[in-house]
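Chemist: Generate coordinates for the sequence data below:
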Amino acid sequence: MARYTGPKSKIARRFKEPIFGPDKALDKKNYAPGQHGQTRKRKKQSEYAIQLMEKQKAKYTYGLLEKQFRNTFKKAARKSGVTGENLLRLLEARLDNTVFRLGIAPTRDAARQLVGHRHITVNGEVVNIPSYELRPGDVVEIREKSKSLEVIADSLSKGVKRFNWLDWNSNELKGTFVGYPEREQIPETIKEQLIVELYSK
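Modeler: Below you'll find the predicted structure:
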């Protein structure tokens, strides 16, 4: 299962956002990484550099590598509607992202691990593919023997924020993917139009 395994705080500092979740290093050093991160004068970025930065930010946020991200973009471009918004909807519909949004896991990385280790079912069937695309009406549930896992119990006890396109049943510990979210419902501060412009070059 390919994923980014490098230093996460350094990436978060580059974008000046806690894209991997709460980060003490980012709180203490809210400036670019590197020996001269605090003092180096930034040159004016080119249009391409700004667009590339936005794509990298989206990739790291959702935990995709380049090939997977590009394939998701191509799929978004084939759909009717606004390509950038379609891209974010497809990313939000990933199983690992939905497990994270439902509050079953504290981070997307943890959600990816839960899915990969067969702790999650979709419509009653075990699915161990983090990139699995959910359809409206799909039911995401914790496997019965996995409900007592400490990481799941701790995450659920924190009362994570709920989202309009997801319905969570706290008694049965299962959620429903109601439908693809609208752009204004997605909290990520990603400028998706810059990504579309980058791939359109």
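Chemist: can you list the domains in the chain?
Modeler: As assigned by automatic domain parsing, the chain contains the domains 8-90, 94-179.
Chemist: I'd like the C-alpha coordinates of the helix or strand containing Glu85 written as CSV, please.
Modeler: Taking DSSP states H and E as the criterion, Glu85 maps to helix 83-92. Output in CSV follows, covering the C-alpha atoms of helix 83-92 (Å, rounded to 0.1, in the frame of the first residue of the first chain):
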residue,chain,number,x,y,z
THR,A,83,-13.9,19.4,-12.6
GLY,A,84,-12.3,20.9,-9.4
GLU,A,85,-15.4,20.3,-7.4
ASN,A,86,-15.7,16.8,-8.8
LEU,A,87,-12.2,16.1,-7.7
LEU,A,88,-12.8,17.0,-4.1
ARG,A,89,-16.1,15.0,-4.1
LEU,A,90,-14.2,11.9,-5.3
LEU,A,91,-11.5,12.4,-2.7
GLU,A,92,-14.2,12.8,0.0
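Chemist: can you list contacts of it?
Modeler: Residues external to helix 83-92 that are found in contact with it (CB atoms under 8 Å, 6 or more residues apart in numbering): 58, 62, 64, 72-73, 75-77, 79, 97-98, 101, 133, 165, 180-181, 183, 186, 188, 190, 192-193, 195-196. Using the backbone N, CA and C atoms, a C-beta is placed for each residue, glycine as well.
Chemist: top helix in the chain by residue count?
Modeler: helix 47-62 (DSSP state H).
Chemist: That helix: what's the following helix or strand?
Modeler: As assigned by DSSP H and E, the chain's next helix or strand after helix 47-62 is helix 66-78.
Chemist: what's the angle from that next one to helix 83-92?
Modeler: Angle of helix 66-78 versus helix 83-92, following axes from the mean of the first three to the mean of the last three CA atoms, to 10 degrees, is 120 degrees.
Chemist: can you pull the buried residues of helix 66-78?
Modeler: 69, 72-73, 76 (16 or more other CB atoms under 10 Å).
Chemist: Over to Val140. Which of the three states is it?
Modeler: Three-state call for Val140 (DSSP: H, G, I helix; E, B strand; the rest coil): strand.
Chemist: From Asn169, how far out is the residue nearest in space to the middle of the chain?
Modeler: The centroid of the chain falls nearest to Tyr62 when counting by CA atoms, centre = their mean (2.9 Å). Per CB to CB, to the nearest Å, Tyr62 is found 25 Å from Asn169.
Chemist: now swap in Ala77 and tell me
Modeler: Taken as CB to CB, the span from Ala77 to Asn169 is 35 Å.
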